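Novice: fold the following for me, if possible:
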Amino acid sequence: MHFFSDNVTPICPDVMAAIAAADHADHGYDGDAWSARLDGAFSDLFETPVRALWVSTGTAANCIALATLCPPYGGILCHEEAHIIADECGAPGFFTHGATLMPLPGEGAKLTPEIVTERLKIIRPDVHQAPARAISITNATEYGLVYAPAEVAALGEVAKAHGLGFHMDGARFANAVAHLGCAPADVTWRAGVDALSFGCVKNGGMVGEALLFFGEAADARAAEAQRWRKRSGHLFSKGRYLAAQILAMIEGDLWLRNARAANGAAQALADGAAGRLMHPVQANELFVRLSAEEAAALRAQGFDFYDWGEGAARLVTNWAQDAASVAPLAQALKALTGG
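Specialist: Numbering: from 1, shown residues only. Have a look, this model is predicted:
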């Protein structure tokens, strides 16, 4: 049983059907009927006018968003373990032509207004230092924790007070919203978010993510993002296949059903791993304490996962699992301590 990542899962049948349904001639790039529906579909979902673009990868979504929010001489405040700083091979600097990532600490890979404000205080207002121009957070975070609407709004107030753009990496946005039970708007634009990378692949898609812009500057930023998408080689000639997947996710709430399944499976594992959890389980990732011997014993039983530093492991559940399907691992974890 694979618990490496939600990237390894099969394509959700509904998404595959949507790809097949789009498999006939239409206009190229984003001139097709499916791409034309994205703005309206996301505007309905978020209860506000939204500009939506498909892009090929989460890295492209994050970095194109940041390029529209931060100039080359600016800085982007983010957690020191954020995906943009730890797992994207310098792509933010590449897309922004040199913007500085400003890493900050925080429990569970979460930023707080206090941490951000303290960092802003020490940036001198002269030409010798990079000025902060954006904040980027991940929801759910790299350790599976979720920002509640009030937490996002508190950071949004900091961004507004200092004239900063506000980006959310939502590779697992569906899992966060499924856990919170709130409206998508409550944890994004109503809380001050300007740009959202809306994840699809981890939630059952084949390829393609959505990049969303909110607010008065949405049109201008989307127009700039379209240029970045083309210039960086992320403009698919048959974009309808990406748009069709995204629409299949959001027009019938498939994105939430899939996320709830993954979250439910994670909770079942959390019950089996009681006493070993390094962080609360709020989405579909678990970080558990395992000795090398215990990890080897689990792998010998057919369970695959990543080691996460010495004496720890990461387990990721996905849309195709539920509490019953992950029960063997939950029982194996419980048996390690004789439970």
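
Novice: wait, what's in contact with the residue nearest to the spatial centre of the chain?
Specialist: Nearest to the geometric centre of the chain sits Ala171, at 1.9 Å (CA atoms, centre = their mean). Residues in contact with Ala171 (CB atoms under 8 Å, 6 or more residues apart in numbering) are Gly58, His83, Thr138, Ser197, Gly199, Lys202, Glu209. Heads up, the C-betas are built off the backbone N, CA and C, glycines and all.

Novice: make it 10 Å
Specialist: Contacts for Ala171 (CB atoms under 10 Å, 6 or more residues apart in numbering) come out as 6-7, 58-59, 61-62, 83, 138-140, 142, 197-203, 209.

Novice: skipping adjacent residues, who's closest to it in space?
Specialist: Counting by CB to CB, 6 or more residues apart in numbering, Ala171 lies nearest to Gly199, which is 4.1 Å off, once chain neighbours are set aside.

Novice: the one you found: neighbour count?
Specialist: Using other CB atoms under 10 Å, Gly199 has 25 neighbouring residues.

Novice: and for Thr100?
Specialist: Other residues within reach of Thr100, judged by other CB under 10 Å, total 20.

Novice: isn't it up against Gly90?
Specialist: No - shown here, Thr100 and Gly90 do not form a contact pair, counting by CB atoms under 10 Å, at 11.7 Å.

Novice: got the buried residues for stretch 36-55?
Specialist: Within stretch 36-55, the residues that qualify as buried are 37-39, 41-43, 45-46, 49-55, counting by 16 or more other CB atoms under 10 Å.

Novice: same question, stretch 263-278
Specialist: Those would be Asn263, Gly264, Ala265, Ala266, Gln267, Ala268, Leu269, Ala270, Gly272, Ala273, Arg276, Met278, for stretch 263-278 by 16+ other CB under 10 Å.

Novice: how about the helices in this structure?
Specialist: Using DSSP state H, the helices of the chain run over 13-21, 33-36, 38-46, 58-69, 83-86, 91-96, 113-121, 149-162, 173-180, 218-231, 240-250, 254-272, 292-300, 327-336.

Novice: which one of those lies nearest to Arg190?
Specialist: Across the helices of the chain, Arg190 has its closest neighbour in helix 149-162 (7.3 Å, CB to CB).

Novice: elements contacting the closest one?
Specialist: In terms of contacts (3 or more CB pairs under 10 Å, 6 or more residues apart in numbering; DSSP states H and E), helix 149-162 is packed against strand 75-79, helix 113-121, strand 132-138, strand 165-170.

Novice: what's the offset of the third one from the middle of its chain?
Specialist: Centroid separation for strand 132-138 versus its chain: 14 Å, with CA atoms, centre = their mean, to the nearest Å.

Novice: what's the burial count for the closest residue to Thr188 other than its chain neighbours?
Specialist: Excluding the flanking residues, the one nearest Thr188 by CB to CB, 6+ apart is Leu196, at 5.5 Å. Per other CB under 10 Å, the neighbour tally for Leu196 reads 28.

Novice: how about Glu224?
Specialist: Close neighbours of Glu224, defined as other CB under 10 Å, add up to 16.

Novice: Leu196 reaches Val187, doesn't it?
Specialist: Yes - in this structure, Leu196 is within contact of Val187 by CB under 10 Å, at 9.5 Å.

Novice: run a quick neighbour tally on the residue nearest to Arg299 when sequence neighbours are not counted.
Specialist: Among residues not flanking Arg299 along the chain, Phe305 sits closest, at 8.0 Å (CB to CB, 6+ apart). When neighbours are defined as other CB under 10 Å, Phe305 has 21 of them.
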